[in-house]
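# what's the 3D shape of this:
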Amino acid sequence: MVKKILVSQPKPASDKSPYYDIAQKYGVEIVFRPFIKVEGLTAKEFRQSKINISDYTAVIFTARTAIDHFFRLCEELRVTVPDTMKYFCTTESIALYLQKYTLYRKRKIFHGETGKLADLLPFINRHNKEKFLYAVSDVNKSDAEILDKAGVAYTKAVMYRTVSNDFAPDEPFDYDMLLFFSPQGIQSLTKNFPDFQQGDIRIGCFGATTAKAVKDAGLRLDLEAPTAKIPSMTGALEHYLKEHQG
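Got it, this is the predicted structure:
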């Protein structure tokens with residue numbers, strides 16, 4: 001019987017999250033507790049990369065987190081971002097997020113539709129005289145070879161990293177189910193609990209790379225999303241509880 005579920009993500013901003021409906025419907029307690037967190041490189045650490053942001057005329061963003069850390073580093077390094085800087089974003093929502101930091105002008109902000117870097121190539125090729133800076137995290141596994149094959153002049157700049165969000169010694173770990181969303185979450189589990197024994201604890205995950213990490217860690221995978229019929233983690237969770245809670 002599943003009574004307490006750990007969702008390794010931050011608490012939803014809205015109380016309209018399907019997780020709350022599931023908790024009420026099946027009488028389970030859902031705790032939001034990320035296993036990993038993102039922290040920015042310090043200005044001193046970034047300087048060690050010998051990258052001078054002022055040398056670049058365009059920036060590629062694949063995440064809103066990258067935007068936050070780019071502008072934070074610019075401020076800490078006292079770099080004035082010129083109004084002429086162009087921004088290439090893999091989705092419209094990432095592009096719109098730029099409004100937090102800069103005036104949104106269509107002639108300087110370009111975005112793809114699917115979230116894939118390949119979508120940006122037509123825009124990048126149209127502006128191939130620019131010097132591109134690609135803002136990424138330390139665990140970035142992006143399809144940057146697309147840029148290489150297209151002959152784009154770019155520099156990859158690590159501006160933030162993913163670290164384990166460690167559990168306090170007195171923090172209870174009394175869950176019947178754990179839900180993971182990245183391989184780093186699994187790494188954090190084994191780091192925090194080197195003697196972890198799965199036993200009756202169910203493990204669910206989202207995405208093929210996370211599923212592989214679960215199996216590589218010698219753990220049993222009890223539910224997986226997305227599938228052809230169930231595209232979301234909340235859908236997979238509800239399906240599991242419906243089948244197993246009697």
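# so for the closest residue to residue 116 other than its chain neighbours, what's the pLDDT?
Excluding the flanking residues, the one nearest residue 116 by C-beta to C-beta, 6 or more residues apart in numbering is residue 90, at 6.5 Å. C-beta coordinates here come from the backbone N, C-alpha and C atoms, glycine included. At residue 90, the model reports a pLDDT of 93.
# per-residue pLDDT of the residue nearest the centre of the chain, please?
Nearest to the mean C-alpha position of the chain, by C-alpha atoms, centre = their mean, lies residue 63 at 7.6 Å. pLDDT for residue 63: 91.
# just to check, it is in contact with residue 93?
No - contact criterion C-beta atoms under 8 Å: residue 63 and residue 93 do not qualify, at 10.4 Å.
# follow-up on the earlier one: dump the residue contacts of the residue nearest to residue 116.
With contact set as C-beta atoms under 8 Å, 6 or more residues apart in numbering, residue 90 has these partners: 61, 62, 111, 112, 114, 115, 116, 117, 119, 120.
# name the residues of the helix or strand of the chain with the lowest mean pLDDT that are buried.
Taking mean pLDDT, DSSP states H and E as the measure, the chain has helix 145-149 as its least confident helix or strand, at a mean of 89. For helix 145-149, the neighbour count (16 or more other C-beta atoms under 10 Å) marks 146, 147 as buried.
# show me the contact partners of the helix or strand just after that helix.
Later in the chain than helix 145-149, the nearest helix or strand by DSSP states H and E is strand 154-164. With C-beta under 8 Å, 6+ apart as the test, strand 154-164 has contacts from 35-41, 46, 49, 51, 53, 56, 60, 65-66, 69-70, 73, 131-140, 144, 147, 182, 184, 187-188, 191-192.
# buried ones among the residues you listed?
35-36, 38, 40-41, 46, 51, 53, 56, 60, 65-66, 69-70, 73, 132-137, 140, 144, 147, 182, 184, 187-188.
# what about these, which are in helices?
46, 65, 66, 69, 70, 73, 147, 184, 187, 188 (DSSP state H).
# contacting residues for the residue nearest to the fifth one when sequence neighbours are not counted?
Same thing as residue 70. Spatial nearest neighbour of residue 70, chain neighbours left out: residue 135 (4.8 Å); criterion: C-beta to C-beta, 6+ apart. Contacts here follow C-beta under 8 Å, 6+ apart; on that basis residue 135 touches 59, 60, 61, 66, 67, 69, 70, 157, 159.
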